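# Fold the following, please.
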Amino acid sequence: MKTTEFKEKLKEINLYLVEENVIYPYYSSGRKEQLYITNEDENEVYGVVSKTDVFKFSTNYIDFDDLSIDKKNLLTEALLSYSKTHIEERKVEKKYYLILGCLPKYKGYLNLSTRPTNKHNRGEIFFGCKNSNTYQIEFTQSEIDQFSYLIQNLITTGNLIKVEVQAHNKALTKGYEDNE
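Alright, predicted model coming up:
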């Protein structure tokens, strides 16, 4: 189970994942990286799960005792499923935009048609805006590696710029906040 999937499972039962460094209740000493399961205000803790070791989690918290049986069941199932997932498999593969530098920012995104439309056949590549449900605009490195020699050459020569989606969106948000 990916961390994003785990967060969604928790959200379904109105619980949240918070990243902190704390001491496990079953360790005599030493700090281990783990994730707290909390309420929205982060003032109640229902459990923890290890970020670095598989099969390590705990619900040995007073707040856990206050949950309904159904919620305890759902939380324990989610914790078990997540904790048995190999650490590397929990991570979501980074995604990138491929932006053609010579076009205006809003028109330079590489788009891959995921289904036939009036304008494009399925699998057709073109450059355009980044806000469409019909076209794929975010690509993993393995997907980028499968593109044709022409696309690979554009990336290598710096004409097609690979930008991490999360960093790009964070920069855009920051830019909007600065302009307000």
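# in this protein, which spans are strands?
16-22, 32-38, 45-50, 57-58, 95-100, 109-113, 125-128, 135-136, 139-140, 160-164 (DSSP state E).
# Neighbouring strands - and their directions - for the fourth one?
Taking DSSP bridges as the criterion, strand 57-58 pairs within the sheet with strand 45-50 (antiparallel).
# out of the strands of the chain, nearest to K72?
When the strands of the chain are compared by C-beta to C-beta, strand 45-50 sits nearest K72, at 8.7 Å. Heads up, the C-betas are built off the backbone N, CA and C, glycines and all.
# and the angle for that closest one with strand 32-38?
Orientation of strand 45-50 against strand 32-38 (axes from the mean of the first three to the mean of the last three C-alpha atoms, to 10 degrees) gives an angle of 150 degrees.
# what pLDDT, on average, does strand 45-50 get?
Looking at strand 45-50 alone, the average pLDDT works out to 94.
# Look at the closest residue to G123 other than its chain neighbours and say how many residues are nearby.
Residue nearest to G123 in three dimensions, not counting chain neighbours: S113, with 6.3 Å by C-beta to C-beta, 6 or more residues apart in numbering. Burial measure for S113: 18 neighbouring residues, criterion other C-beta atoms under 10 Å.
# what's near enough to touch S113?
By C-beta atoms under 8 Å, 6 or more residues apart in numbering, S113 lies in contact with 120-126, 134-135.
# Dump those into a markdown table; add pLDDT and distance to D53 as well.
As requested, the contacts of S113 are exported to a markdown table (pLDDT from 0 to 100; distance: C-beta to C-beta, whole Å):
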| residue | pLDDT | distance to D53 |
| --- | --- | --- |
| H120 | 86 | 47 |
| N121 | 88 | 48 |
| R122 | 87 | 43 |
| G123 | 88 | 42 |
| E124 | 90 | 46 |
| I125 | 91 | 42 |
| F126 | 89 | 46 |
| T134 | 76 | 42 |
| Y135 | 87 | 40 |
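# Now, of those residues, which are buried?
Neighbour counting over these (16 or more other C-beta atoms under 10 Å) leaves 120, 125, 135 as the buried ones.
# Which of those residues sits closest to D70?
The shortest gap between D70 and any of the buried ones among the contacts of S113 belongs to Y135, at 41.0 Å (C-beta to C-beta).
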